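Undergrad: give me a 3D structure for the following:
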Amino acid sequence: MPREQRWIILAMDGRHVTMGRDVAPTEEEVAQAASALAAAGHAGWLARLDGDYWARRAQPVLTPVRSLAGATDANWPSAAAAFEIMRRAATAPRNRAMASAA
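TA: The predicted model follows:
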């Protein structure tokens, strides 16, 4: 089975949103996301997520593609760690049933 691939916008605090699956977002979409981050006073990254977000045992691989709205390489490790904490909380057994019902 091929691995899932998606592009996300990852904020420094770990919050994230999917921008596209299997196809990278356009430059215009990335620019709009960067503007929205900056307007909210946040910085972040366009990142690629390889693997199943909802898998609890196999952690997906998160790769930074481009920094947005003033994010720096020095901030990436803490943002990636915050992302994983949020992902694990979302995939905890009590939340998994709610996600499949949506």
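Undergrad: and the longest helix anywhere in the chain, what does it pack against?
TA: The single longest helix within the chain, with elements called by DSSP state H, is helix 76-90. If contacts are counted by 3 or more CB pairs under 8 Å, 6 or more residues apart in numbering; DSSP states H and E, helix 76-90 sits against strand 5-11, strand 44-50, strand 61-68. (Each C-beta comes from the backbone N, C-alpha and C, glycine too.)
Undergrad: ok, which of those comes nearest residue 36?
TA: Closest to residue 36 of the helices and strands packed on helix 76-90, according to CB to CB: strand 5-11, at 8.5 Å.
Undergrad: can you list contacts of the longest helix of the chain?
TA: With contact meaning CB atoms under 8 Å, 6 or more residues apart in numbering, helix 76-90 is reached by 10-16, 44-45, 53, 56, 59-60, 62, 64, 71, 95, 99.
Undergrad: ok, back up a step: dump the helices and strands packed on helix 76-90 to CSV, plus mean neighbour count, mean pLDDT and distance to residue 80.
TA: Formatted as CSV, the helices and strands packed on helix 76-90 follow (neighbours: other CB atoms under 10 Å; pLDDT from 0 to 100; distance: least, CB to CB, whole Å):
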stretch, mean neighbour count, mean pLDDT, distance to residue 80
strand 5-11, 21, 94, 8
strand 44-50, 22, 95, 8
strand 61-68, 15, 94, 5
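Undergrad: those: which one's closest to residue 91?
TA: Residue 91 sits nearest to strand 44-50 of all those, at 13.3 Å, using CB to CB.
Undergrad: give me the angle between the closest one and helix 76-90.
TA: For strand 44-50 against helix 76-90, the angle by axes from the mean of the first three to the mean of the last three CA atoms, to 10 degrees is 60 degrees.
Undergrad: low-confidence ranges in the chain?
TA: Applying pLDDT under 70 to the chain picks out residues 1-2, 95-102.
Undergrad: give me the contact list for stretch 9-26.
TA: Outside stretch 9-26, the residues within contact range by CB under 8 Å, 6+ apart are 4-8, 29-30, 33, 37, 42-47, 62, 68, 71, 75, 78-86.
Undergrad: about what we covered before: extract the C-alpha set from the longest helix of the chain and format it as CSV.
TA: The C-alpha coordinates for helix 76-90 follow below in CSV (Å, rounded to 0.1, in the frame of the first residue of the first chain):
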residue,chain,number,x,y,z
TRP,A,76,11.6,23.8,13.6
PRO,A,77,12.5,21.1,16.2
SER,A,78,10.2,22.6,18.8
ALA,A,79,7.4,23.0,16.2
ALA,A,80,7.8,19.4,15.0
ALA,A,81,7.7,18.2,18.6
ALA,A,82,4.6,20.2,19.4
PHE,A,83,3.0,18.8,16.2
GLU,A,84,3.7,15.3,17.4
ILE,A,85,2.1,16.0,20.8
MET,A,86,-1.0,17.3,19.1
ARG,A,87,-1.1,14.4,16.7
ARG,A,88,-0.8,11.8,19.4
ALA,A,89,-3.6,13.5,21.4
ALA,A,90,-5.8,13.5,18.3
